[in-house]
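Asks: predicted model, plus sequence, below.
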Amino acid sequence: MKTKLETLELKTTEKQQLINITSRVKEAVSESGIRNGMIGLFSQHTTAALMVSEFQNALLDDISGFLRRVVSDDLPYKHNSPEFSDCDRKNAASHLRSMLFNNSVVLPVSDGELVLGQFQCVILAEMDGPRERSLKVQLLGE
Amino acid sequence: MKTKLETLELKTTEKQQLINITSRVKEAVSESGIRNGMIGLFSQHTTAALMVSEFQNALLDDISGFLRRVVSDDLPYKHNSPEFSDCDRKNAASHLRSMLFNNSVVLPVSDGELVLGQFQCVILAEMDGPRERSLKVQLLGE
Amino acid sequence: MKTKLETLELKTTEKQQLINITSRVKEAVSESGIRNGMIGLFSQHTTAALMVSEFQNALLDDISGFLRRVVSDDLPYKHNSPEFSDCDRKNAASHLRSMLFNNSVVLPVSDGELVLGQFQCVILAEMDGPRERSLKVQLLGE
């Protein structure tokens, strides 16, 4: 049983963007040499998160619509007020939307392959881009 | 330290259904022979997810009400439109509700027992049934 | 590769409270002697949960506002009705808010240190305090 920690760098290009990173996660699995165990993906950020979902354009638009309805852009957030916060970005909504996803995703690895259901993809949820984002990738197994 | 991956099959019977699977998870732990470590449960689906919560009828009704309020059934979702999607099920709301839960649940195993708090149960959240559902169950420990 | 399970006890002091427990998680990592692997934190409760986020006062207020908007205190929840529930606390909203966070948080450990991004903190989300809360802390690594 061994453990291995790597970093996966991504450049996002839009303010809010759902990015399919499944192929990069599969690459990390095959490069690790680990045949059976688990992979953990960890966002190092507080306005970019992870999820496992279907990656289909129409559904991605529905997810964006949902995020806008549930977390409004226009409320008088304290985090966006110079009186209460010295954050240079007015990104309270980005933080709140990011919280609706996960900071991490854990998935099984079997016979050297990432185990995902037929329609499942690993998705980075950029909620405050464009930015350079960094994920920690941990393999644990044998 | 060893790792073991199994599959747990379930048949759901309703469109939206919260199913207590705690006893099946406990069975998987005792059958694995692993005494100390972790168990990971992984939904292989994009409209069925997992959570750990109290399993009490009144609360389950409140959870269903919450899901209906937060994710309306009646919006003009793109995923439900033949113009934008070739999905045969009009299940955008099921995807969005499923996202509010988790794709996976990880729990500790100690002395051969699943470690859960007094009121905690492992729950499968079926958001687009009835269907046959499949969970991957991974044990990692010694 | 070894595994170690401990308990972390906390006293919360308010009905709804976000508590920065990062330093206690770091302590658990250094006391464990594990240099490389993963740490899992597991809430043993159904009205207190965990998340990884920025810990800044203005943002914490925005998170509280979000929770109040998304999960109203005043709906006729069944879990709060003596007709349907024998729970002595009228805490349906606490359960629903807790569900929006995670039951567990998993993070990598590298060279004996907890791996977190620059602005990330581990936060206990008390949704029904004040109470005594208990987290299981599992280290898995070498």
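Replies: Cool, got the structure. These numbers come from a predicted model, not from an experiment.
Asks: which element is residue A:117 on?
Replies: Using DSSP states H and E, residue A:117 sits within no helix or strand.
Asks: scratch that, residue A:96
Replies: Counting by DSSP H and E, residue A:96 is part of helix A:92-100.
Asks: the closest residue to chain C within chain A and residue C:117: what is the separation?
Replies: Using C-beta to the nearest C-beta, residue A:44 is the residue of chain A that sits closest to chain C, at 3.2 Å. C-betas here are computed from N, CA, C, even on glycine. Remark: distance between residue A:44 and residue C:117 (C-beta to C-beta, to the nearest Å) = 3 Å.
Asks: chain center to stretch A:76-94, what's the gap?
Replies: Computed by C-alpha atoms, centre = their mean, to the nearest Å, the chain-centroid distance of stretch A:76-94 equals 22 Å.
Asks: list the buried residues of it.
Replies: Of all the residues in stretch A:76-94, those buried under the rule 16 or more other C-beta atoms under 10 Å in any protein chain shown are A:77-80, A:84-85, A:87, A:91-94.
Asks: what is the nearest of the residues you listed to residue A:1?
Replies: Nearest to residue A:1, judged by C-beta to C-beta, of the buried residues of stretch A:76-94 is residue A:94 at 38.2 Å.
Asks: so what's the closest one closest to, chain neighbours aside?
Replies: The spatially closest residue to residue A:94, leaving aside those adjacent along the chain, is residue A:128, at 3.6 Å (C-beta to C-beta, 6 or more residues apart in numbering or on different chains).
Asks: doesn't the one you found fall inside a helix?
Replies: No: counting by DSSP: H, G, I helix; E, B strand; the rest coil, residue A:128 is located in no helix; its state is coil.
Asks: quick check: phi and psi on it?
Replies: phi -150, psi 40 (degrees, to the nearest 10).
Asks: near chain B, which residues of chain A?
Replies: Contact residues (C-beta under 8 Å from any C-beta of the partner chain) of chain A with chain B: A:1, A:36-38, A:51-54, A:56-59, A:61-63, A:65-66, A:70, A:100-102, A:105-108, A:110, A:115-120, A:140-142.
Asks: tell me which of these fall in strands.
Replies: Under the assignment DSSP state E, those contribute A:37-38, A:51-53, A:105-108, A:110, A:140-141 to strands.
Asks: pull out the buried residues from these.
Replies: Among those, those classed as buried by 16+ other C-beta under 10 Å are A:37-38, A:51-53, A:105-108, A:140-141.
Asks: need the max-distance pair from these.
Replies: Maximum pairwise distance in those, criterion C-beta to C-beta, is 24.7 Å, between A:53 and A:141.
Asks: mind telling me which residue is nearest the centre of chain A?
Replies: The residue lying closest to the centre of chain A (C-alpha atoms, centre = their mean) is residue A:50, at 2.4 Å.
Asks: spatially, which residue comes closest to it, not counting chain neighbours?
Replies: Excluding its sequence neighbours, the residue lying closest to residue A:50 (C-beta to C-beta, 6+ apart) is residue A:105, at 4.5 Å.
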